[in-house]
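[1] with the sequence up front, the predicted model follows.
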Amino acid sequence: MIHFIAENMAPIMFFSLIVFMLLGYPVAFSLAANGLLFFFIGVELAPYSSNEITLSWPLLYALPERFWGIMSNDTLLAIPFFTFMGIVLERSGMAEDLLDTIGQLFGPIRGGLAYAVILVGALLAATTGVVAASVIAMGLISLPIMLRYGYDRRVATGVIAASGTLAQIIPPSLVLIVLADQLGRSVGDMYAGALIPGLVLTGLYMSYVLIMSIIRPKSMPALPLEARTLGHGVVSLIVAAIVTVGISYAAQVYLTPSQGPNAGIWGATIGIIVIYAAALLDRTLKINAMSRLAQQVIIVLIPPLALIFLVLGTIFLGIATPTEGGAMGAVGALAMAAAKGRLSLDVVRQALASTTRLSSFVLFILIGARVFSLTFYGVNGHLWVEHLLVSLPGGEMGFLIAVNVLVFLLAFFLDFFELAFIIVPLLVPAANALGIDLIWFGVLLGVNMQTSFMHPPFGFALFYLRSVAARVPYLDRITGKTIQPVTTGQIYWGAVPFVCIQVIMIGLVIGFPQMVMHYKGAVIDPSDVEIVVPGFGGGGGDQQGLPGLGLPQFGAPPPADGGTAPAQPAQPAPPANDLSQPPSFGSTAPAQPAPPATDLSQPPKFN
């Protein structure tokens, strides 16, 4: 029995960890306690394990160094910066302005408020990267408006929760930072790879709203005329967009010789700055060249877009690292809050307290995971997991299907931080052995982990929405009608279609890997590569492109300036038979080679 336990320590340790967490112990302490407990057991059972266990007491000396490696990791500094930025933006009222403006823009069509919630969720995801901030902000602002104008409760709650989880996959996502750290890859590459899948997922959400507005039009009515306070003016907005595109294109053409591939980004930046300045002047000077709707959309949309460029644009251009981008985003969020007059000491204090709590939570989980991994690797658990996954039928595709099913099921009970710190390190060796690109694998896991926020009954996005949704009937302040509360069952059923959409997105990432792999740039065809060896010095090379090493070519004329020509190498004597010419059968005897200056075939003479 002892031999059996010693030789199967890895699976016993893994399933013991699951039991610890199911009993309700905090994840960080479950990891650390499980690791230390099995370390002691493993040291005692090492002689009975047939060399399967490599644990010994001196190995504990490695723990302080592993802890220091965590605390000195510059990549993880991006987490508090982006958390602080998201919380400050939540307090700044940016989400409220965006929802009101985009809701007015899409108001005349069925499902307009739902489209607005999804678009604002994508914009908040690209500026905050914090799911809780997005869901709570939109739940407080948009849910009462959607209920006021007759939206189905399941549709309204599902759209709000799902759009808030876009912060999980659209950069600058916190989970992408953690995944990049666990996979040992660049955060910038992870952001570049996740950008298109995040936008595609946003499009799938909007497609679902479109289909529902056709099948069940009464579930998402258009805004009534009296609610459209900004009036009409879509044509003016379209003209402003066309002018912006024209200015951006002209700036790109002008900057291409100096900026190269980055000219497009700088051109778009110039176009947006020009149209924003024009809208501000139009409103301030009351020129009224633009409609009121166009003014409001431009003035409200440009600041978050500028913040997105400040964070993501600088990262993609290579100007800043993700940590530096997060720091600039935090400063930009403070500036936006100050510009709206909502920056106070109390807001900063709340943001700092929430940031400290989340950062400490992440750090303690990571420390516990390092203790667990020290023991798990000591009992060859990584080899056990690798052999288990690599030997699955179907090769790479079988591995991907099994891993995604495992992560999907574990997401019912664990949040994304726990999945990233516990499960991902175990999957990396098997993915490497199968030759899977780790950036693509990380984005795929990120899309899958997004479902952890939407799984009934443990989805955190559902908990966040439940905390701000009405539990009792209330009187609407605009219409004066009594609004019935939102039940927990309605929130759960509203999330189910969006979980299905997220599963479809997992299949799309597997089926179309180029959505992620574009981060590598253009594919180079080796057959088109031409290698040219340059010459050396001032001399020319021969006709085969070989270097001349600073010497003139054989048979070259002397210098034209009459200077002294460099010494020519001695010409070798022609061979006895010139094999470059056809043989001659005439009477003329072949030419004899000249005798050498010293005949070495005879003994020397001393006269």
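    Sure, I can see it.
[2] now residue 80, nearest residue through space, not along the chain?
    Using Cβ to Cβ, 6 or more residues apart in numbering and skipping the chain neighbours, the partner closest in space to residue 80 is residue 359 (4.5 Å). Where you see a C-beta, it was placed from the backbone N, CA and C, and this is true even at glycine.
[3] who touches the one you found in this structure?
    Residues counted as contacts of residue 359 (Cβ atoms under 8 Å, 6 or more residues apart in numbering) are 79, 80, 83.
[4] with residue 382 instead?
    Contact criterion Cβ under 8 Å, 6+ apart gives 376, 426, 429 as the residues in contact with residue 382.
[5] could you do residue 236 as well?
    For residue 236, the contacting residues are 290, 291, 293, 294, taking Cβ under 8 Å, 6+ apart as the criterion.
[6] so which of those belong to helices?
    Cross-referencing those with the helices (criterion: DSSP state H) gives 293, 294 as the overlap.
[7] quick check: helices, which of the contacts of residue 359 are part of them?
    Using DSSP H, the members of the contacts of residue 359 that fall within helices are 79, 80, 83.
[8] mind listing what the second one touches?
    This points to residue 80. 355, 356, 358, 359.
[9] widest-spaced pair of these?
    When those are compared pair by pair using Cβ to Cβ, the farthest-apart members prove to be 356 and 358, with a separation of 7.6 Å.
[10] the more surrounded of the two?
    Here residue 356 and residue 358 are set side by side on neighbour count (other Cβ atoms under 10 Å), and the busier one is residue 358, at 20 against 13.
[11] now render the contacts of residue 80 as TSV, adding secondary structure.
    Rendered in TSV, the data for these read as follows (DSSP: H, G, I helix; E, B strand; the rest coil):
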residue	secondary structure
355	helix
356	helix
358	helix
359	helix
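[12] can you put these in JSON lines and add distance to residue 300?
    Output for the contacts of residue 80, formatted as JSON lines (distance: Cβ to Cβ, whole Å):
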{"residue": "355", "distance to residue 300": "26"}
{"residue": "356", "distance to residue 300": "31"}
{"residue": "358", "distance to residue 300": "28"}
{"residue": "359", "distance to residue 300": "31"}
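[13] ok, these vs residue 136, which is closest?
    The shortest approach to residue 136 among the contacts of residue 80 belongs to residue 358, at 14.1 Å (Cβ to Cβ).
[14] what about the closest one, distance to residue 13?
    To residue 13, residue 358 is 29 Å away according to Cβ to Cβ, to the nearest Å.
[15] where's the residue nearest the centre of the chain, which helix or strand?
    When Cα atoms, centre = their mean is applied to the chain, the residue found nearest the centroid is residue 191 (2.3 Å). Residue 191 belongs to helix 187-215 when assigned by DSSP states H and E.
[16] please point out which parts of that helix sit buried.
    Within helix 187-215, the residues that qualify as buried are 187-202, 204-206, 208-209, 212-213, counting by 16 or more other Cβ atoms under 10 Å.
[17] could I get the average pLDDT for it?
    In this model, helix 187-215 has an average pLDDT of 91.
[18] does anything pack onto that helix? Which helices or strands?
    Packed against helix 187-215 by the contact rule (3 or more Cβ pairs under 8 Å, 6 or more residues apart in numbering; DSSP states H and E) you find helix 112-127, helix 153-164, helix 174-183, helix 314-316, helix 322-339, helix 438-449, helix 488-511, helix 514-517.
[19] and stretch 184-197, how far out from the chain middle?
    Between the centre of stretch 184-197 and the centre of its host chain there is 3 Å, according to Cα atoms, centre = their mean, to the nearest Å.
[20] show me where the stretch 351-500 of the chain has its helices.
    381-390, 395-410, 416-422, 424-433, 438-449, 460-468, 488-511 (DSSP state H, counting those that start in this stretch).
[21] nearest to residue 164, out of these?
    Taking Cβ to Cβ as the measure, the helices of the stretch 351-500 of the chain were each checked against residue 164, and helix 460-468 came out nearest at 5.5 Å.
[22] got any ranges where the stretch 151-300 of the chain has weak pLDDT?
    Residues of the stretch 151-300 of the chain meeting the criterion pLDDT under 70: 227, 229-231.
[23] state the distance from residue 392 to residue 400.
    Plainly put, residue 392 is 10 Å away from residue 400 if you go by Cβ to Cβ.
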